[in-house]
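Asker: Predicted coordinates and the sequence they were generated for:
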Amino acid sequence: MAGRALVTGASGFIGRALTAELLRQGWSVVAVGRDAAGLPQGAEAIAVPLYDDATLNERLRDIRCDVVFHLAAYGVTPSARDPGLMFDVNVAGTAAVVRAAARIGARAVVYAGSSAEYIEAPGGTAIAEDYPITTSALYGASKAAGGLWGRAVAAQEGVVFQWLRVFGVFGPGEAPHRLFPAIAAKLTRDEPVDLSPGDQIRDLLYVDDVVSALVLGAKAALEGKAGPFNLCSGLPVSIRDVALALADALGKPRDLLRFGAISYRPDENLWLLGNAARFREATGFRPRFDIAQAARHFVRHYESPQAGERT
């Protein structure tokens with residue numbers, strides 16, 4: 001399956017990786033972001049500073065696409081949590097993207113939702129798609145509202161709305177403060193890494209697996225199989241095991257990892273695991289990378305911010 005795709009949020013971590021994967025598969029790609037200069041090479045770059053009807057009408061007036069991948073969002077980082085902007089981008093902006101998708105001839109919109117849409121689950125629970133949705137966490141509620149409103153608008157516009165709730169994602173190109181690059185930066189300098197005890201359980205996918213799954217989600221949408229679906233591994237892994245795998249992949253002593261040097265955050269969720277069965281049944285998706293394989297692949301593509309060269 002290949003065609004012409006439009007990717008919003010194409011300058012972001014997942015957006016850049018998705019654009020590269022689509023191009024590799026033979027797609028023609030329109031990459032959309034706030035600043036055209038920061039968008040991936042090989043795609044047609046379009047700057048869209050605001051996700052509203054007027055701006056999208058103007059910027060996309062000559063575009064035709066088969067599928068729109070909507071990855072743009074506000075509030076992913078805890079420091080960016082303005083409620084008004086969150087609503088404008090994640091809810092109203094999603095509806096505007098769906099309407100634009102219909103105007104440019106897209107048959108499907110693939111919406112990158114979030115595991116943050118769910119309420120916190122007790123330990124041992126694998127969250128399925130019918131698990132309760134949060135009504136108190138601003139970011140999660142905005143993503144859930146964006147999915148609900150976007151799906152309703154898509155039904156009016158005759159566009160398939162593929163809602164994929166993405167769980168943990170990691171890989172090359174993440175922001176430096178995120179777990180993998182933050183640990184790697186210190187280990188490559190042979191510095192100790194202060195960590196919590198590391199017993200938090202997470203559901204993680206390597207970014208290469210995530211973008212493959214997004215493309216499979218588009219294919220499923222065009223076949224009439226629409227979510228919401230969890231985009232996750234369904235496999236629990238501890239933060240301790242993640243850190244150990246990264247140290248081993250870098251060839252660094254494990255004793256540089258100082259587990260228990262810092263405490264858990266007061267509000268930290270110690271368990272987050274998804275149920276992957278519905279998406280696997282709909283698409284056949286299975287991750288290619290386990291944590292050890294992903295750590296080795298990450299190291300091969302990791303560029304040390306200190307040395308400016310590949311490790």
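Answerer: Everything's here; your move.
Asker: Low-confidence ranges, the stretch 151-300 of the chain, go.
Answerer: Confidence mapping of the stretch 151-300 of the chain against pLDDT under 70 gives zero matching residues.
Asker: what about residue 234, helix or strand, and which?
Answerer: Here residue 234, judged by DSSP states H and E, is contained in no helix and no strand.
Asker: So for it, what's the nearest residue that isn't a sequence neighbour?
Answerer: In space, not counting the residues next to it along the chain, residue 234 is nearest to residue 276; the distance is 3.3 Å by C-beta to C-beta, 6 or more residues apart in numbering. The way it works is simple: take the backbone N, C-alpha and C, and place the C-beta from them, glycine included.
Asker: need the contact list for that neighbour.
Answerer: When contacts are counted by C-beta atoms under 8 Å, 6 or more residues apart in numbering, residue 276 touches 230, 232-234, 285.
Asker: now do residue 288
Answerer: The neighbours of residue 288, taking C-beta under 8 Å, 6+ apart as the test, are 206, 208-209, 212.
Asker: Which one of these sits in the busiest neighbourhood?
Answerer: residue 206 (25 neighbours; other C-beta atoms under 10 Å).
Asker: Please report the distance of it from residue 284.
Answerer: 18 Å (C-beta to C-beta, to the nearest Å).
Asker: which of the contacts of residue 288 lies closest to residue 54?
Answerer: Checking these against residue 54 by C-beta to C-beta gives residue 212 as the nearest, at 34.8 Å.
Asker: In three-state terms, label that closest one for me.
Answerer: Following DSSP: H, G, I helix; E, B strand; the rest coil, we place residue 212 in the helix state.
Asker: thought it was touching residue 285?
Answerer: Yes - between residue 212 and residue 285 there is a contact under C-beta atoms under 8 Å: 7.4 Å.
Asker: Touching both of these two, which residues are there?
Answerer: Overlap between the contact sets of residue 212 and residue 285, as judged by C-beta under 8 Å, 6+ apart, is nil.
Asker: related to what we said a few turns ago, out of the contacts of residue 276, which end up buried?
Answerer: Taking 16 or more other C-beta atoms under 10 Å as the criterion, what is buried in those is 230, 232-234, 285.
Asker: what's in contact with stretch 21-39?
Answerer: 1-12, 15, 19, 40, 42-49, 59, 63, 65, 72, 208, 211-212, 215.
Asker: try stretch 225-236
Answerer: Counting by C-beta under 8 Å, 6+ apart, stretch 225-236 makes contact with 113, 115, 126-129, 147, 160-168, 201-205, 209-210, 213-214, 217, 220, 273-280, 282-283, 287, 290, all of which sit outside it.
Asker: Is it possible to mark the buried ones in those residues?
Answerer: When burial is judged by neighbour count using 16+ other C-beta under 10 Å, the buried members of the contacts of stretch 225-236 are 113, 115, 126-127, 129, 147, 160-168, 201-205, 209-210, 213-214, 217, 220, 273-276, 278-280, 282-283, 287.
Asker: quick one: which of those sit in helices?
Answerer: 147, 209-210, 213-214, 217, 220, 278-280, 282-283 (DSSP state H).
Asker: Tell me the one among those residues nearest to residue 179.
Answerer: Nearest to residue 179, judged by C-beta to C-beta, of those is residue 210 at 15.7 Å.
Asker: Who's the closest spatial neighbour of that closest one, skipping the chain neighbours?
Answerer: Of all residues not flanking residue 210 in the chain, residue 169 sits nearest, at 5.2 Å (C-beta to C-beta, 6+ apart).
Asker: Repeat that for residue 65.
Answerer: Residue 65 sits nearest to residue 6 (C-beta to C-beta, 6+ apart), 4.5 Å away.
Asker: May I have the helix or strand containing the one you found exported as CSV, CA atoms only?
Answerer: Assignment of secondary structure by DSSP H and E places residue 6 within strand 4-8. Output in CSV follows, covering the C-alpha atoms of strand 4-8 (Å, rounded to 0.1, in the frame of the first residue of the first chain):
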residue,chain,number,x,y,z
ARG,A,4,0.0,10.3,-1.1
ALA,A,5,0.0,11.1,2.6
LEU,A,6,-0.1,14.3,4.7
VAL,A,7,1.6,14.3,8.1
THR,A,8,0.8,16.9,10.7
